[in-house]
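J.: Return a 3D structure for these sequence lines:
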Amino acid sequence: MNSDLSDYRKSYEKGELLLSNVPDNPMELFRNWFVEVDTHFNIEETNAMTVSTIGVDGYPRSRVVLLKKYTDEGFIFYTNYKSEKGRAIEANPNICLSFFWHSAERQIIIKGKAEKIAKNLSDGYFESRPRGSQLGAIVSNQSEVIKDREELEAKLKALETEFEGREIERPDYWGGYIVKPVEMEFWQGRPNRLHDRVRYQLQEDYNWRIERLAP
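T.: As a prediction, this is how the structure comes out:
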């Protein structure tokens, strides 16, 4: 099989990103971009992001998850702590997040350290989930090999019976991570592949160094 994609072309012309108009704190720029993209561009899940980890086998691995909250401190998502990504984070908390909003011709790459959030915060989010999603978190031994789809369906049906009329508590192996950024790069597509790239790097005094990078 040979598929030549070299003729795929697109001219990026929807915006600009200059050092003269960026804020001192990257979280402020992230918020501005997120709100603008979510409001004005036709993207179904603006909060979809790629989480990249270094696996216990030494290989990098990426997968798309949903950002559930961002604060001045960092970015929060939820998962099974015993999953492949959970085991990878336990071994090496240095991870990368990335957002690509094609309609806005924008990308954000975030390097940071992941740590578990407080149990009561995970409890609160778990309680807010639809009941089916709560049961799904218990049914799935995430990343483990299973025989077939029917195995999952059978476990779900059994749990629906077991928890009928009862509150479902969050299992201790499921919860949230917060990724605290140490570096954030903002990319805005520009014509002739001369894209705008602005990088923020956290310094020892907790201020951010801002630099423009070659495209």
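
J.: Show the backbone phi and psi for residue 182.
T.: Residue 182 has phi and psi values of phi -120, psi -20 when expressed as degrees, to the nearest 10.

J.: could we number from 477 for the rest of this?
T.: All set: I'll call the first residue 477, so the last point we hit is now residue 658.

J.: and the residue nearest to it when sequence neighbours are not counted, what does it touch?
T.: Excluding its sequence neighbours, the residue lying closest to residue 658 (Cβ to Cβ, 6 or more residues apart in numbering) is residue 678, at 4.8 Å. (Glycine included, C-beta is placed from N, CA and C.) The contact partners of residue 678, by Cβ atoms under 8 Å, 6 or more residues apart in numbering, come to 657, 658, 659, 684.

J.: Now the buried members of those.
T.: 657, 659, 684 (16 or more other Cβ atoms under 10 Å).

J.: What score does the closest residue to residue 685 other than its chain neighbours have for pLDDT?
T.: Nearest non-adjacent residue to residue 685, counting by Cβ to Cβ, 6+ apart: residue 677, 4.7 Å away. pLDDT, residue 677: 98.

J.: for residue 500, same thing?
T.: 98.

J.: Bridged to the closest residue to it other than its chain neighbours, which residues?
T.: Closest residue to residue 500 apart from its sequence neighbours, by Cβ to Cβ, 6+ apart: residue 684 at 6.5 Å. Under DSSP bridges, the beta-bridge partners of residue 684 are residue 678.

J.: And for residue 525?
T.: With DSSP bridges as the rule, residue 525 is bridged to residue 541.

J.: where exactly do the helices run in the protein?
T.: Counting by DSSP state H, one finds helices in the chain at the ranges 502-516, 560-567, 595-604, 607-615, 625-638.

J.: so what does the longest one touch, helix or strand wise?
T.: The contact analysis (3 or more Cβ pairs under 8 Å, 6 or more residues apart in numbering; DSSP states H and E) places helix 502-516 against strand 545-546, strand 582-592, strand 650-664.

J.: any chance of those in JSON lines, plus mean pLDDT?
T.: Converted to JSON lines, the helices and strands packed on helix 502-516 look like this (pLDDT from 0 to 100):
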{"stretch": "strand 545-546", "mean pLDDT": "98"}
{"stretch": "strand 582-592", "mean pLDDT": "98"}
{"stretch": "strand 650-664", "mean pLDDT": "98"}
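
J.: Please name the bridge partners of the residue lying closest to residue 550 once chain neighbours are set aside.
T.: Nearest non-adjacent residue to residue 550, counting by Cβ to Cβ, 6+ apart: residue 656, 4.2 Å away. Using DSSP bridges, the bridge partners assigned to residue 656 are residue 589.

J.: Run a quick neighbour tally on residue 656.
T.: Residue 656 has 14 neighbours, counted by other Cβ atoms under 10 Å.

J.: do the same with the one 4 residues further on
T.: Other residues near residue 660 number 22, with proximity taken as other Cβ under 10 Å.

J.: Next, the contact list for the residue most central in space within the chain, please.
T.: Compute the mean C-alpha point of the chain, and by Cα atoms, centre = their mean the closest residue is residue 525, 3.8 Å away. By Cβ under 8 Å, 6+ apart, residue 525 lies in contact with 540, 541, 542, 543, 551, 553, 573, 574, 575.

J.: hmm, back to that, quick check: the residue nearest to residue 658 vs residue 611, distance?
T.: 40 Å (Cβ to Cβ, to the nearest Å).
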